[in-house]
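Enquirer: structure for the following, please:
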Amino acid sequence: MTEDRRDEAGPAPQPPLPQGPPSTRVDKWLWAVRLVKTRADAAQACRGGHVRVNDKPAKPATSVSPGDEVRLRLHGTTRIVDVGHILEKRVGAPIAVRCYTDRTPAPSPSAPPQAFAAPPRRDRGAGRPTKRDRRQLERLRREGLG
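Expert: Take a look at the predicted model:
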């Protein structure tokens with residue numbers, strides 16, 4: 001009889017986190033830990049007031065260090081993360097998630113799902129909708145949701 005021997009050491013050890021400086025720019029860090037797709041998107045979010053570091057509005061060059069709280073409002077949701085490790089270069093997703101602690105509250109199950117439909121577009125110069133246009137829009141919305 002042969003014994004079934006399995007590796008009881010558990011999962012493979014994770015690679016060490018790359019050494020980084022004591023602090024870095026918030027736009028660079030958001031991009032490096034993959035919370036935004038591009039560094040330009042991170043800088044634009046900072047300039048638009050969608051990023052806060054320790055409850056203060058952050059500019060792209062605002063410095064972050066381990067222990068700081070970063071709030072990022074993106075695509076209608078707010079992410080709350082604690083900085084755990086500083087990165088300046090973009091890394092793979094398995095390493096990136098180890099560099100912060102996500103404290104974003106889970107959405108409540110009783111809350112209705114958010115609809116991200118864009119408001120109807122009007123031709124430039126068309127001005128304010130007439131009473132008839134408004135009634136037609138209301139009828140469309142009512143029939144579309146019902």
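Enquirer: helices along this structure, start to end?
Expert: With DSSP state H, the ranges of helices along the chain come out as 26-32, 39-47, 93-96, 131-145.
Enquirer: and the average pLDDT for the third one is what?
Expert: Read it as helix 93-96. Averaging pLDDT along helix 93-96 gives 90.
Enquirer: ok, and which of the helices of the chain has the densest surroundings?
Expert: helix 26-32 (a mean of 25; mean count of other CB atoms under 10 Å). C-beta: built from backbone N, CA, C; applies to glycine.
Enquirer: output the contacting helices and strands for it.
Expert: helix 39-47, strand 51-53, strand 63-64, strand 69-74 (3 or more CB pairs under 8 Å, 6 or more residues apart in numbering; DSSP states H and E).
Enquirer: okay, the ones you listed in JSON lines with distance to residue 126 next?
Expert: Formatted as JSON lines, these follow (distance: least, CB to CB, whole Å):
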{"stretch": "helix 39-47", "distance to residue 126": "30"}
{"stretch": "strand 51-53", "distance to residue 126": "36"}
{"stretch": "strand 63-64", "distance to residue 126": "46"}
{"stretch": "strand 69-74", "distance to residue 126": "31"}
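Enquirer: out of the helices of the chain, which is closest to residue 17?
Expert: Closest to residue 17 of these, according to CB to CB: helix 93-96, at 6.5 Å.
Enquirer: for that closest one, C-alpha coordinates in PDB please.
Expert: What follows is helix 93-96, C-alpha atoms only, in PDB (Å, rounded to 0.1, in the frame of the first residue of the first chain):
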ATOM      1  CA  ALA A  93      -2.400  42.700  -8.100                       C
ATOM      2  CA  PRO A  94      -1.500  40.000  -5.600                       C
ATOM      3  CA  ILE A  95       1.300  42.200  -4.200                       C
ATOM      4  CA  ALA A  96      -0.700  45.400  -4.500                       C
END
